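Chemist: here's my sequence, what's the structure:
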Amino acid sequence: MQAQLSISAVGRGFAVFLVAGTIAAGAGLASASTPPNSFADESSIDQVVGAPAAWAQGADGHGVDVALVDTGVTPVQGLNGPNKLIYGPDISFDSQLPGASYLDGYGHGTAMAGIIAGNDGTAGGYQGVAPQARIVSVKVGASTGAADVSQIIAGIDWVVAHAHDNGMNIRVLNLSLGTDSTQAYTSDPLAHAAEVAWRHGIVVVVSAGNDLVNGANTVADPATDPYLIAVGADETQGTLTPGDDTVASFSQRGTGVRHPDLVAPGTYVYGLLSPNSTLAQQNPNAIFGGRFLRGSGTSQSAAIVSGAAADVISARPSLTPDQVKAVLTSTAVPINANKNYSGSGLVQVGQAVSAPVPAYSTQSYPVGSGNGSLEAARGSSHVSLNGQTLTGEQDIFGAPWVGSTMGQAEEKVAAWSGGMFNGSQWSGSQWSSGGWDGSQWSGSQWSGSQWSGSQWSGSQWSGSQWSGSQWSGSQWSGSQWSGSQWGGSQWSSAMWDGAQWG
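Modeler: Sure thing, here's the model as predicted:
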């Protein structure tokens, strides 16, 4: 019997957890031609944010590792060069499937990796914003895009614990994802994990979210945490100058309390294609040149800013995360939009590379504790196996989640112990080889483990075929968890809201 794995979203919202910029039916999927007011290549996006000017100053991401907590990365052209890609642990639902672990069966992570650091190594070839940076892929999302918030937190915590292992130099963490949680960042476990990374010297770049619904002004979680760099989507109108730029219609707005810190191009952005991935199969008209996947969303915007941060750090490695944020925001160019929607404006990495650090660079917001609710951090986004939904204060193995205990462990960088996380074996305890280039985190596996001691769904992890449902744009019809029994209702379909591929 196949185990059916999926993500649920009750109601309309920035719902499916993984990927702040991905599928939505509608404009942009009808043809493979270049739409009006858009660019036909990635190099134009690089010019809009001043990347070539940064490269000319020697700021091209060299020596900087960018961690990507996402759906994995497929080592396609542009990401398969020497010393370009490292595989951290695969803690996704694909991890036990031969031929699927580590690789990007969904298609989102590969696209983001290309935008951040892709490099064909040839004149005129594809180049991301930081073409000499290295990607450290931490896979948390399955080929359906399914991921639970506990997997995302585990991925972030792994990055913090291993940021400087054996010559690694993780200085930037890209989180092109979010939930519609309304929990305060000061208690939210997801926001806390990201904030801990920030306080341990890693610039954390997050998507503002794609779910602008009925004028609601709020950013997604963990962008709610003011320490991080929250990025909204800029609509370039197909021009290289910012005079006519606006905030993209889907990009979530903020308030005077919390809003995007800046914006970056987020419409019709060319990432690298993971062939035969879910996104490629569902959106064939988003494929260009046989190797590019064009999409719109704040995911793409965050990836651009992660590349910009890597460029700045490569030229000025002594800068703290607060200082990197300050030089990026102080040199951004205002656009024709409310500052609660666009923050400081359009990122300009060429200027940020050499700009003085503003005197106000040190941030002093209330510090988070992570002692809140894991279930609240999920918002309306849940994973479901065989029609039974994972809810409550438990991780994907059914292990109890105690926010105060986990928060304290994260503060001490002790959330991971070898391959153990929250009392369960999540991954191997050591790298599989002495070198880094192309290495995978291996060792012992979770094979044979039950979802929980009480058998969350009755299915064993090892040997199950995680097929899952496909994103269709329709809403889930669901049931509520009650008592100590798992509900037996079947979800009808999956929903993805707010962004587009094409």
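Chemist: hang on, Ala308 is in a helix, isn't it?
Modeler: Yes. Assessed by DSSP: H, G, I helix; E, B strand; the rest coil, Ala308 belongs to a helix.
Chemist: relative to Ala51, how far out is it?
Modeler: Using CB to CB, to the nearest Å, we find Ala308 at a distance of 7 Å from Ala51. Every C-beta, even on glycine, is put in place using the N, C-alpha and C of the backbone.
Chemist: now for these two: what residues contact both?
Modeler: Residues touching both Ala308 and Ala51 by CB atoms under 8 Å, 6 or more residues apart in numbering: 129-130, 349.
Chemist: averaged pLDDT, the host helix or strand of Val231. What do you get?
Modeler: For Val231, the enclosing helix or strand under DSSP states H and E is strand 229-235. Mean pLDDT, strand 229-235: 97.
Chemist: still on that earlier bit, by neighbour count, which of the shared contacts of Ala308 and Ala51 wins?
Modeler: Ala130 (34 neighbours; other CB atoms under 10 Å).
Chemist: tell me if that one really is in a helix.
Modeler: No. Ala130: not assigned to a helix; according to three-state DSSP it is coil.
Chemist: what is the burial count for the residue nearest to it when sequence neighbours are not counted?
Modeler: Nearest residue to Ala130 in three dimensions, chain neighbours excluded: Gly61, at 2.9 Å (CB to CB, 6 or more residues apart in numbering). Neighbours of Gly61 under the rule other CB under 10 Å: 32.
Chemist: do the same with Ser330
Modeler: Counted with other CB under 10 Å, residues neighbouring Ser330 total 16.
Chemist: if I look at it, what pLDDT would I see?
Modeler: For Ser330, the model assigns a pLDDT of 98.
Chemist: for the stretch 1-150 of the chain, which segments count as strands?
Modeler: Per DSSP state E, counting those that start in this stretch, the stretch 1-150 of the chain carries strands over the ranges 5-9, 65-70, 85-90, 134-139.
Chemist: redo these as CSV? Include distance to Gln282, mean pLDDT and mean neighbour count.
Modeler: Shown next, in CSV, are those (distance: least, CB to CB, whole Å; pLDDT from 0 to 100; neighbours: other CB atoms under 10 Å):
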stretch, distance to Gln282, mean pLDDT, mean neighbour count
strand 5-9, 15, 51, 26
strand 65-70, 18, 98, 30
strand 85-90, 23, 95, 25
strand 134-139, 20, 97, 29
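Chemist: so which of those is nearest Arg294?
Modeler: Among those, strand 65-70 comes nearest to Arg294, with 17.7 Å by CB to CB.
Chemist: that closest one: how far from the chain's middle?
Modeler: In this view, strand 65-70 has its centroid 8 Å away from the chain centroid, taken as CA atoms, centre = their mean, to the nearest Å.
Chemist: from the contact counts, what lies against that strand?
Modeler: helix 108-117, strand 134-139, helix 149-161, strand 170-175, helix 298-315 (3 or more CB pairs under 8 Å, 6 or more residues apart in numbering; DSSP states H and E).
Chemist: what comes up buried for stretch 44-64?
Modeler: For stretch 44-64, burial by neighbour count (16 or more other CB atoms under 10 Å) applies to 44-46, 48-51, 53-55, 59-62, 64.
Chemist: which stretches of this protein have low pLDDT?
Modeler: Counting by pLDDT under 70, the chain contains low-confidence ranges at 1-34, 36, 213-216, 428-502.
Chemist: that older thread, go through the helices and strands packed on strand 65-70 and name the closest to Gln394.
Modeler: Among those, the nearest to Gln394 by CB to CB is helix 149-161 (8.0 Å).
Chemist: what comes up buried for the closest one?
Modeler: For helix 149-161, using 16+ other CB under 10 Å, the buried residues are 149-161.
Chemist: all helices for the protein, in order.
Modeler: Applying DSSP state H to the chain gives helices spanning 42-48, 51-56, 108-117, 149-161, 189-199, 278-282, 298-315, 321-330, 339-342, 349-352, 374-378, 403-411.
Chemist: nearest to Thr241, of these?
Modeler: helix 42-48 (8.4 Å).
Chemist: contacts for the closest one?
Modeler: Contact with helix 42-48 is made by 39, 52, 114-115, 118, 126-129, 236, 240, 242, 265, 269-270, 292, 304, 346, as judged by CB under 8 Å, 6+ apart.
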